[in-house]
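Enquirer: my questions are about this predicted structure, shown below with the sequence.
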Amino acid sequence: MFCYKCGAKVSNQALFCEKCGTRLNKNLEIENLNESTIKIHNIRQALKHNIKEDQLNALALDKSKDNTTNFSLNKKVGDNTCCKIPFYKNINIAMPLLSAVLAVSLTCTYYLYEASVSKNVEKNRTTAENIALQGNISSAYSIIDKALSLRPNNETLKADKIFLQDGKSVNLHISAVDSYIKDKNYNGALNELDEAVNLISDKTGAFYSLLNKNIENKKMGITVLQIKNEMNNKSSIEDLAGLLNKISNYNVKEASETASELRKRISAVAYNTANEYLKNNDFTSALQTIDKGIVYNPNDKKLNNFKQVIISEKNSFETAEQTRIQNAMASAALENKNNKTNAVEVVSTSTNINKYGDFVIKGTIKNIATKPISSIQIYYTIYNSSNAELGNDSTYVYPNYLSINDTGQFENTEYGMSKGHHIKITKITWILPQEDSYENK
């Protein structure tokens, strides 16, 4: 049961609350039986008083008969004509005896009735507390109301009803959150839950712990939805990382799935940004960008592989720095025209809409040049099913470095473009080792 003063959960055998020290009813049934015992005692006393008066009246009646008739004293010795009346026909004896039997019967009946009521009330109270701790507050409230109709002065039941009224108030706030979520008003939903927290902020015990847990679970779900909505508008590693750090505090399946998607987007941004730096031979910025991505996705093979490519390119660039200008013209003359204008062959492309309503683009290319190439960038135009142009974008090929006849893959996600249907590659650019960038003509 619960302490009626502070709300803490206490055992049925406890005399005092372990939390606040308030004296408790040792047992609801004992309390109710004590009330019954008092009533029974009063009935017994009243019946004893009635029996005593009947006996006194009977004695007075006998004495009156003796004085008027002197029937017993005037009988002659040996006169056997005196009538003996059986005790059960003697009203002076039968009435008190009948009263006593009736009193005992009423007492036993009343005692058994009160014991049955007390047992039923205690059973209902225990049932209500158990189902309340399981979250079924409305049913528990109805059961406590029923028990109070039998024992309206019971303090424990009154305290339980107060707890359950708090629970119903909290549930009303939690239910109101759904309308805010429907309108994507996540701040309004969180404010509604804050009001629920304030209702029980100064109360403790197992029941209030359950209510606080329900509120926190609802807050968790709202925060996950809020982050999923916000991440579509974030395009920098820092912004995406902020959302990832926020959602990582929640240990639920949907939060885990959203965190995984955020890591994937961080990797994509890091990879594309580092490629831009690499094209300008800004190896330091490229490595810093890749390292940022690896911090949030340390097992990403794509990022770790590209980091090694950047380091290799950086070393090669530094080694050849002194001779790069001198050999530029000679290298240009030796380069095969195909290496400059037709080094990449598109093997395949595919598109689809993912479960988030985003347009996903994938494809495979092949290095058909006579030299390795790197930093291959695919430019494309997006069309809908009616062949209407929706936009343009580009992405890089993985792996960044392709040897002769090697193949690479490209993939990009156009967030929020649910009407995308197909693409057309408009341009491909690449870098030959130690050379400027080139493109398909």
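Expert: Ah, there it is.
Enquirer: and S350, that one's in a helix?
Expert: No. With DSSP: H, G, I helix; E, B strand; the rest coil as the criterion, S350 is assigned strand and is not in a helix.
Enquirer: what's across from it in the sheet?
Expert: Per DSSP bridges, the residues bridged to S350 are K362.
Enquirer: that one: neighbouring residues, count only.
Expert: Using other C-beta atoms under 10 Å, S350 is surrounded by 12 other residues. Heads up, the C-betas are built off the backbone N, CA and C, glycines and all.
Enquirer: same deal with V309?
Expert: A count of neighbours around V309, defined by other C-beta under 10 Å, yields 19.
Enquirer: quick one: it and P399 touch, right?
Expert: Yes. Contact criterion C-beta atoms under 8 Å: V309 and P399 qualify, at 7.1 Å.
Enquirer: so which bits of the strand or helix carrying N212 are buried?
Expert: Applying DSSP states H and E as the criterion places N212 in helix 206-230. Buried residues in helix 206-230, defined by neighbour count with 16 or more other C-beta atoms under 10 Å: 207-208, 210-212, 214-215, 218-228.
Enquirer: and K371, what does it touch?
Expert: Applying C-beta atoms under 8 Å, 6 or more residues apart in numbering to K371 gives the contacts E335, N339, I404, L432, P433.
Enquirer: tell me the pLDDT of the last one.
Expert: I take that to be P433. Model confidence at P433, expressed as pLDDT, equals 76.
Enquirer: leaving out the residues flanking it, which one is nearest to it?
Expert: Take P433 and drop its neighbours on the chain: the residue closest to it by C-beta to C-beta, 6 or more residues apart in numbering is P372, 5.9 Å away.
Enquirer: how many residues are close by that neighbour?
Expert: For P372, the number of neighbouring residues by other C-beta under 10 Å comes to 16.
Enquirer: what does the one 10 residues further on give?
Expert: Neighbourhood size, I382 [other C-beta under 10 Å]: 21.
Enquirer: beta partners for it?
Expert: On the basis of DSSP bridges, I382 takes part in beta bridges with G391, I423.
Enquirer: and the next helix or strand past the helix or strand harbouring D166?
Expert: Using DSSP H and E, D166 sits in helix 155-182. On the C-terminal side of helix 155-182, the nearest following helix or strand under DSSP H and E is helix 186-199.
Enquirer: between that following helix and helix 206-230, how many degrees?
Expert: Helix 186-199 and helix 206-230 are oriented at 170 degrees to each other (axes from the mean of the first three to the mean of the last three C-alpha atoms, to 10 degrees).
Enquirer: now helix 186-199: buried residues?
Expert: Under 16+ other C-beta under 10 Å, the buried positions of helix 186-199 are Y186, A189, L190, E192, L193, A196, L199.
Enquirer: ok, of those residues, which one's closest to V347?
Expert: When these are compared for distance to V347 (C-beta to C-beta), Y186 wins out at 44.4 Å.
Enquirer: for the strand or helix carrying S374, name the packing helices and strands.
Expert: Counting by DSSP H and E, the element that carries S374 is strand 373-383. The elements that strand 373-383 packs onto, with contact taken as 3 or more C-beta pairs under 8 Å, 6 or more residues apart in numbering; DSSP states H and E, are helix 253-279, strand 359-367, strand 389-398, strand 401-402, strand 407-414, strand 422-431.
Enquirer: domain ranges for the protein?
Expert: Domain assignment for the chain by automatic domain parsing gives 28-62+86-153, 265-334, 337-439.
Enquirer: least reliable of these going by mean pLDDT?
Expert: Least confident of the domains of the chain, judged by mean pLDDT, is domain 28-62+86-153 with a mean of 62.
Enquirer: how far off helix 253-279 does the host helix or strand of S316 point, in degrees?
Expert: In this assignment (DSSP H and E), S316 forms part of helix 301-334. If you take the same axes, to 10 degrees, helix 301-334 sits at 20 degrees to helix 253-279.
Enquirer: quick check: angle from helix 301-334 to strand 389-398?
Expert: Helix 301-334 runs at 90 degrees relative to strand 389-398, counting by the same axes, to 10 degrees.
Enquirer: flag every buried residue along helix 301-334.
Expert: Across helix 301-334, burial judged by 16+ other C-beta under 10 Å covers K302, L303, F306, K307, V309, I310, E313, K314.
Enquirer: helices and strands around that helix, which ones?
Expert: Using 3+ C-beta pairs under 8 Å, 6+ apart: helix 301-334 touches helix 253-279, helix 283-296.
Enquirer: ok, now with 6 Å
Expert: Using 3 or more C-beta pairs under 6 Å, 6 or more residues apart in numbering; DSSP states H and E as the contact test, the elements touching helix 301-334 are helix 283-296.
Enquirer: for the helix it packs on, C-alpha coordinates in CSV please.
Expert: The C-alpha coordinates for helix 283-296 follow below in CSV (Å, rounded to 0.1, in the frame of the first residue of the first chain):
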residue,chain,number,x,y,z
PHE,A,283,45.8,18.4,-48.4
THR,A,284,45.6,19.8,-44.8
SER,A,285,42.0,20.8,-45.1
ALA,A,286,41.1,17.6,-46.8
LEU,A,287,42.7,15.5,-44.0
GLN,A,288,41.0,17.6,-41.3
THR,A,289,37.6,17.2,-42.9
ILE,A,290,38.1,13.4,-43.2
ASP,A,291,39.2,13.2,-39.6
LYS,A,292,36.0,15.0,-38.5
GLY,A,293,33.9,12.4,-40.3
ILE,A,294,35.9,9.5,-38.8
VAL,A,295,35.3,10.8,-35.3
TYR,A,296,31.6,10.2,-35.7
